[in-house]
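Trainee: Fold the following for me, if possible:
(one chain, ligands or ions: 1)
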Amino acid sequence: MEWKPGGVSDDVEDRRGGGGGFSGFGAPHFGIGGTLVLLVLSLVFHRDLFSLFSGGSPADRPSYSAPDNAAQNTEVQFVSFVLDDVQGTWQNLLPAQGNRQYRHAKLVLFRDSIDSACGEAQSATGPFYCPGDEKVYLDLGFFDELQSRFRAPGEFAQAYVIAHEIGHHVQKLLGIEGRVQRLRESNPAQANPLSVSLELQADCFAGVWAKTTEQRKIIDASDVEAGLRAAAAVGDDRLQKMATGHVSPENFTHGSSAQRTHWFQAGLNSGEISACNTFGTRE
Ligand SMILES: [Zn+2]
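Mentor: Residues are numbered from 1 along each chain as shown. Predicted structure coming up:
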């Protein structure tokens with residue numbers, strides 16, 4: 001993928017610090033202004049006021065030169081680039097194709113576990129979008145897993161994951177997510193097939209974004225391959241087989257590898273929201 005590190009997106013919330021401590025990107029509890037005030041006061045009084053206010057241990061103090069930060073910083077900047085690109089794209093496409101204004105979602109980086117409007121989540125759940133607070137939750141460790149466990153390496157595989165989650169946000173803005181939620185409640189027997197359609201549509205929306213990146217020469221054919229591999233890698237049949245050794249389609253909640261690849265491609269080929277009607281053409 002063609003991209004340049006360009007800082008951290010305004011829409012990224014870094015909550016990897018845990019326990020009120022500092023991560024590389026600022027202070028979750030004090031904000032930048034508060035941090036500066038505390039820093040100045042600490043210098044004036046020759047005391048560490050951070051630990052006074054946060055009750056933290058020495059490990060909680062800012063460590064701007066931790067050695068393993070560089071790789072992580074690049075990853076955060078990559079996430080920022082993709083997030084801004086995907087949201088910028090929908091800002092143009094949604095009014096034109098969906099007759100709706102686009103509203104930015106936030107992306108929360110976390111580690112291990114996190115509280116969201118959708119409840120507490122663990123890293124093991126994988127990345128997810130919470131319609132209640134309109135935020136995408138991502139543990140960067142998932143990208144390592146994409147590579148090692150799901151054998152889908154490459155930047156575009158990671159970009160696909162973010163584009164898929166923002167696809168769920170687009171579904172919320174279009175009112176599709178709400179409709180599906182009500183249908184699920186009134187007809188629990190259809191809950192799984194409805195969930196599959198919702199997921200496949202998010203794949204298709206990721207494809208719609210991918211088409212614009214192709215036009216803008218951000219990606220090439222090998223990136224598309226990587227995206228298709230990622231879509232196939234996280235298919236329910238493959239995940240089930242890895243977990244249980246067999247495949248039971250009635251328990252699918254995301255769709256098979258073939259379905260996920262098919263719908264990603266449908267979005268990629270057309271670049272149109274209207275090509276993503278995964279609800280009308282269920283197999
Ligand atoms: Zn999804």
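
Trainee: May I ask which helix or strand encompasses the residue lying closest to residue 208 once chain neighbours are set aside?
Mentor: Leaving aside its sequence neighbours, residue 208 sits nearest to residue 267 (C-beta to C-beta, 6 or more residues apart in numbering; 4.2 Å). To be clear about C-beta, it is placed using only N, CA and C from the backbone, and glycine gets the same treatment. According to DSSP states H and E, residue 267 maps onto helix 257-270.

Trainee: how far does that helix sit from the chain's center?
Mentor: Distance, stretch centre to chain centre, for helix 257-270: 19 Å (C-alpha atoms, centre = their mean, to the nearest Å).

Trainee: now the strands for the chain?
Mentor: Applying DSSP state E to the chain gives strands spanning 12-14, 106-109, 113-116, 119-122, 128-130, 135-138.

Trainee: Would you tell me which of those strands gets closest to the ion?
Mentor: Of all the strands of the chain, strand 128-130 sits nearest to the ion, with 6.8 Å by C-beta to the ion.

Trainee: tell me which residues of the closest one are tucked away?
Mentor: 129-130 (16 or more other C-beta atoms under 10 Å).

Trainee: buried stuff in the helix holding residue 267?
Mentor: 257, 259-268.

Trainee: if I look at residue 70, how far off is the ion?
Mentor: Residue 70 sits at a distance of 31 Å from the ion (criterion: C-beta to the ion, to the nearest Å).

Trainee: What about that residue, how many residues nearby?
Mentor: Close neighbours of residue 70, defined as other C-beta atoms under 10 Å, add up to 11.

Trainee: Tell me which of the strands of the chain is the most buried.
Mentor: strand 135-138 (a mean of 24; mean count of other C-beta atoms under 10 Å).

Trainee: contact partners of that strand?
Mentor: Contact with strand 135-138 is made by 13, 79, 105-110, 114, 116-117, 121, 127-130, 161-162, 165-166, 169, as judged by C-beta atoms under 8 Å, 6 or more residues apart in numbering.

Trainee: In CSV, list the C-alpha atoms belonging to it.
Mentor: Extracted as CSV, the C-alpha positions of strand 135-138 are listed here (Å, rounded to 0.1, in the frame of the first residue of the first chain):
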residue,chain,number,x,y,z
LYS,A,135,-16.8,3.5,18.0
VAL,A,136,-14.6,0.8,16.5
TYR,A,137,-12.6,-1.1,19.1
LEU,A,138,-9.3,-2.6,18.1
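
Trainee: For the closest residue to residue 150 other than its chain neighbours, give me the pLDDT.
Mentor: Closest residue to residue 150 apart from its sequence neighbours, by C-beta to C-beta, 6+ apart: residue 233 at 3.9 Å. Residue 233 carries a pLDDT value of 75.

Trainee: Can you list the residue ranges for helices in the stretch 151-283 of the chain?
Mentor: Using DSSP state H, counting those that start in this stretch, the helices of the stretch 151-283 of the chain run over 155-173, 176-186, 191-215, 221-233, 236-244, 257-270.

Trainee: Quick check: residues of the protein near the ion?
Mentor: Neighbours of the ion within the chain, by C-beta under 5 Å from the ion: 199, 202.

Trainee: show me what contacts the residue nearest to residue 139 when sequence neighbours are not counted?
Mentor: Take residue 139 and drop its neighbours on the chain: the residue closest to it by C-beta to C-beta, 6+ apart is residue 123, 4.1 Å away. Neighbour list for residue 123: 110-113, 139, 141-142 [criterion: C-beta under 8 Å, 6+ apart].

Trainee: at 10 Å what do you get?
Mentor: 110-114, 137-142, 145 (C-beta atoms under 10 Å, 6 or more residues apart in numbering).

Trainee: how close does the nearest residue to residue 228 once chain neighbours are set aside get to the ion?
Mentor: Nearest residue to residue 228 in three dimensions, chain neighbours excluded: residue 261, at 5.3 Å (C-beta to C-beta, 6+ apart). In this view, residue 261 and the ion are 15 Å apart by C-beta to the ion.

Trainee: surely residue 261 meets residue 237?
Mentor: No: checked against C-beta atoms under 10 Å, the pair residue 261 and residue 237 is beyond contact range at 11.7 Å.

Trainee: Overlap in contacts, the two.
Mentor: In contact with both residue 261 and residue 237: residue 255, using C-beta under 10 Å, 6+ apart.

Trainee: Thanks a lot, see you next time.
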